[in-house]
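# structure for this input, please:
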Amino acid sequence: AVYRHFRSKEELVKALLDELALQALATIDIPVDDWRGRLRELALSTMRQFAQYPAVGIEAIAVTTNGPGEHGAIELMLEAFSRAGLSGEELVKHYALLAAQILSSGANIARARSVGATGSWRDQPVLVDPREFPLVAANSARLVELRDEDLYLAGIEMILDSAERTVARLRDDTAASASA
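I've put the predicted structure just below:
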């Protein structure tokens, strides 16, 4: 019966994925001037949607919906980075970095949830010969302690920090050029 409304499984997945994007966007109630907060909330809300509907979230990295949810998310990200002070190439680059982090890591979290994983980034220690891989052996327990949602959020924060550093560098470069 579903295929009466959709010509293929791919069209169904696109529609479902776009609906998740719309639902993620609908939760964002942070003022537009708080660009970091809006981007962080978009990332968190998207991750929650993917984790809640893992069969759809898994597809996020491989499917472009070209629907209103996707377009709304792109607009929100570009607008927030613009408010941060980015433009041109840096604006597009930071948007793409954030989108890739949200989609790829979010899809990975969805995949993990779909198979009942606990949220650990690695499910078991990395057992290696310490003479051949001394750093892996020394950090094996720490690698198991990492949580996928913590890494997801750390990646988001690193991209937002990069945007702030880029804006500061561009302002410094402009000021140096003006005084020269």
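# hey, let's count contacts and neighbours off CA atoms from now on
Noted.
# so for stretch 24-43, mean pLDDT?
For stretch 24-43, mean pLDDT rounds to 97.
# this protein: helices as residue ranges?
For the chain, the helices defined by DSSP state H occupy 9-26, 35-52, 54-57, 68-84, 88-100, 106-114, 134-145, 148-179.
# mind giving me TSV with these and columns for mean neighbour count and distance to L127?
Formatted as TSV, the helices of the chain follow (neighbours: other C-alpha atoms under 10 Å; distance: least, C-alpha to C-alpha, whole Å):
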stretch	mean neighbour count	distance to L127
helix 9-26	19	38
helix 35-52	21	30
helix 54-57	23	30
helix 68-84	18	41
helix 88-100	16	30
helix 106-114	23	22
helix 134-145	14	7
helix 148-179	15	20
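# how about the ones you listed in CSV, adding distance to V128?
Formatted as CSV, the helices of the chain follow (distance: least, C-alpha to C-alpha, whole Å):
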stretch, distance to V128
helix 9-26, 40
helix 35-52, 32
helix 54-57, 32
helix 68-84, 42
helix 88-100, 31
helix 106-114, 24
helix 134-145, 6
helix 148-179, 22
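# nearest to D123, of those?
Across the helices of the chain, D123 has its closest neighbour in helix 134-145 (6.4 Å, C-alpha to C-alpha).
# mind listing residues that contact that closest one?
S120, W121, R122, D123, Q124, P125, V126, L127, V128, D129, P130 (C-alpha atoms under 8 Å, 6 or more residues apart in numbering).
# try it again with 6 Å
For helix 134-145, contacts defined as C-alpha atoms under 6 Å, 6 or more residues apart in numbering pick out R122, P125, V126, P130.
# top of the residues you listed by number of neighbours, please.
Using other C-alpha atoms under 10 Å as the neighbour criterion, R122 leads the contacts of helix 134-145 with 18 neighbours.
# kindly provide the distance from the residue nearest to that one when sequence neighbours are not counted to Q124.
In space, R122 comes closest to V144 once its chain neighbours are excluded; the distance is 5.1 Å by C-alpha to C-alpha, 6 or more residues apart in numbering. V144 sits 6 Å away from Q124, going by C-alpha to C-alpha, to the nearest Å.
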